[in-house]
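1. Return atomic coordinates for the entry below.
(2 chains)
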There are 2 protein chains.
Amino acid sequence: MNFSSKLLEDAVAEFAKLPGVGQKTALRLVLHLLNQDKEDVEKFSHTISKLRNEIQFCRICMNISDHPVCQICASPRRDHSLICVVEDTRDVMAIENTNQYNGVYHVLGGLISPMDGIGPSDLEVDSLVERLKDGDTKEVIFALSATMEGDTTIFYLDKRLKSFDITVSTIARGIAFGGEIEYVDEITLGRSIATRVPYVNSLAK
Amino acid sequence: MNFSSKLLEDAVAEFAKLPGVGQKTALRLVLHLLNQDKEDVEKFSHTISKLRNEIQFCRICMNISDHPVCQICASPRRDHSLICVVEDTRDVMAIENTNQYNGVYHVLGGLISPMDGIGPSDLEVDSLVERLKDGDTKEVIFALSATMEGDTTIFYLDKRLKSFDITVSTIARGIAFGGEIEYVDEITLGRSIATRVPYVNSLAK
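-> This next block holds a predicted model:
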């Protein structure tokens, strides 16, 4: 693209570095910002800069936090003997939204992915192992994506956790609620038959 | 969404103000920035702030520019008696990319849209009229979107330009190159028959 201004070109180039944002979208976003008040754009710019410079990570679970220890890890009402291992903060938010989990978390900060050059040392694996050494943990739940990377990470972590006397589990995989059998992929359907569970009539209580 | 950090929440809120960016996309973009080096994020933030504070508009054609007069308006090789009226800088870029136009531009900065509360006084209409007063302009071409707003704007501008002794034209409308007749909407097809042009065999030259 031929820009009429270097400033414009630079701003478009910065936006186009964001994931899923191409040149045309970047230009649209930049022109939108140009139409806003100077104070609003200054606030946008300042908020991002402040985020990156002041963000902290909970020193226990490694989740994004405004304090050295996050609200979840600091809460006496949570079950601290139950650790749910997740990829990033989005997964913590998703699980918290279910209101079905009362334990604590451990945020790995990614998944093992040799293709992308991400190994165990790039993730918060050592800090997880360190956490388990005090012996207060009863169970570790892996809530990782059902992908090659997720499975690889679970395989690796399971080996690392073998020496501890704790229960290791993964979240259930199967057909999603509302899912129609004919549209489910073969692997999921096959496994959900193999790992079938006793029927519980939840209406008969 | 329940964020684990106020800084994170603020940054997501700022990104979610951008057009076409929802909460989930905003969170993805913010987490991407958190994974980047501090210097890169600082550069991103600084570039945007600088753009908004230092951007200039060409005082002749009102296009975005780094100088008081843009490169196109300052060029002696362009035909300054031909003014193409466009909505914004994206349209200038699109027309420049065709390499088919050698005149100059006038950027309105929007289209008349009563629904959005945008009237002629919000656009660069007076500056266009002022430009025509020196009598050097032979033709004004309207290259505005074929929408209700575009048509309204052309209707209004045509009335404003009546008093000048200049040719007023609009870019041709019809079936796009590569367009198949059966998929063209009725209005475009009907008009393209009514405004048919003599056949020119471009291969017979």
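
2. shaky segments in chain A?
-> Scanning chain A for pLDDT under 70 picks out the ranges A:204-205.

3. let's see 90
-> A:1-5, A:35, A:66-67, A:97-100, A:134-135, A:146-147, A:171-205 (pLDDT under 90).

4. Helices of that one, residue ranges please.
-> Using DSSP state H, the helices of chain A run over residues A:6-15, A:23-34, A:38-54, A:71-74, A:89-98, A:126-132, A:148-161, A:186-194.

5. From the chain's centre, how far out is the shortest one? Work that out for me.
-> Just to be clear, that refers to helix A:71-74. Relative to the chain's own centre, helix A:71-74 is displaced by 17 Å; criterion: C-alpha atoms, centre = their mean, to the nearest Å.

6. Then the first one?
-> What separates the centre of helix A:6-15 from the centre of its chain is 30 Å, taken as C-alpha atoms, centre = their mean.

7. just to revisit the earlier point, now the helices of chain A as a markdown table including mean neighbour count and distance to chain B?
-> C-betas here are computed from N, CA, C, even on glycine. What follows is these, written out as a markdown table (neighbours: other C-beta atoms under 10 Å in any protein chain shown; distance: least, C-beta to the nearest C-beta, whole Å):
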| stretch | mean neighbour count | distance to chain B |
| --- | --- | --- |
| helix A:6-15 | 20 | 4 |
| helix A:23-34 | 18 | 5 |
| helix A:38-54 | 17 | 4 |
| helix A:71-74 | 18 | 7 |
| helix A:89-98 | 16 | 6 |
| helix A:126-132 | 16 | 17 |
| helix A:148-161 | 16 | 16 |
| helix A:186-194 | 12 | 24 |
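
8. Count the residues that sit near A:G179.
-> 13 (other C-beta atoms under 10 Å in any protein chain shown).

9. mind checking how far it is from A:T188?
-> Separation of A:G179 from A:T188 (C-beta to C-beta, to the nearest Å) stands at 9 Å.

10. so where's the longest strand in chain A?
-> strand A:79-86 (DSSP state E).

11. helices and strands around that strand, which ones?
-> Counting contacts by 3 or more C-beta pairs under 8 Å, 6 or more residues apart in numbering or on different chains; DSSP states H and E, strand A:79-86 packs against helix A:89-98, strand A:103-107, helix A:126-132, strand A:139-142.

12. Including distance to B:M93, could those go into JSON lines?
-> Formatted as JSON lines, the helices and strands packed on strand A:79-86 follow (distance: least, C-beta to C-beta, whole Å):
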{"stretch": "helix A:89-98", "distance to B:M93": "36"}
{"stretch": "strand A:103-107", "distance to B:M93": "43"}
{"stretch": "helix A:126-132", "distance to B:M93": "49"}
{"stretch": "strand A:139-142", "distance to B:M93": "49"}
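
13. closest to A:L82 out of the ones you listed?
-> With C-beta to C-beta as the measure, strand A:103-107 is the member of the helices and strands packed on strand A:79-86 nearest A:L82 (3.0 Å).

14. So what touches that closest one?
-> A:57, A:60-63, A:72-73, A:78-89, A:91-92, A:95, A:124, A:127-128, A:131, A:139, A:141 (C-beta atoms under 8 Å, 6 or more residues apart in numbering or on different chains).

15. Next up, the contacts around the nearest residue to A:T152 once chain neighbours are set aside.
-> Leaving aside its chain neighbours, A:T152 sits nearest to A:I112 (4.9 Å; criterion: C-beta to C-beta, 6 or more residues apart in numbering or on different chains). By C-beta under 8 Å, 6+ apart, A:I112 lies in contact with A:I118, A:G119, A:P120, A:L123, A:E149, A:T152, A:T153, A:Y156.

16. Grab the most central residue of chain A for me.
-> Residue closest to the mean C-alpha point of chain A, counted by C-alpha atoms, centre = their mean, is A:D88 at 2.4 Å.

17. which ones are touching A:N2?
-> B:M93, B:E96, B:N97.

18. May I see those residues arranged in TSV, with distance to B:L34 as well?
-> TSV is the format used below for the contacts of A:N2 (distance: C-beta to C-beta, whole Å):
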residue	distance to B:L34
B:M93	32
B:E96	38
B:N97	36
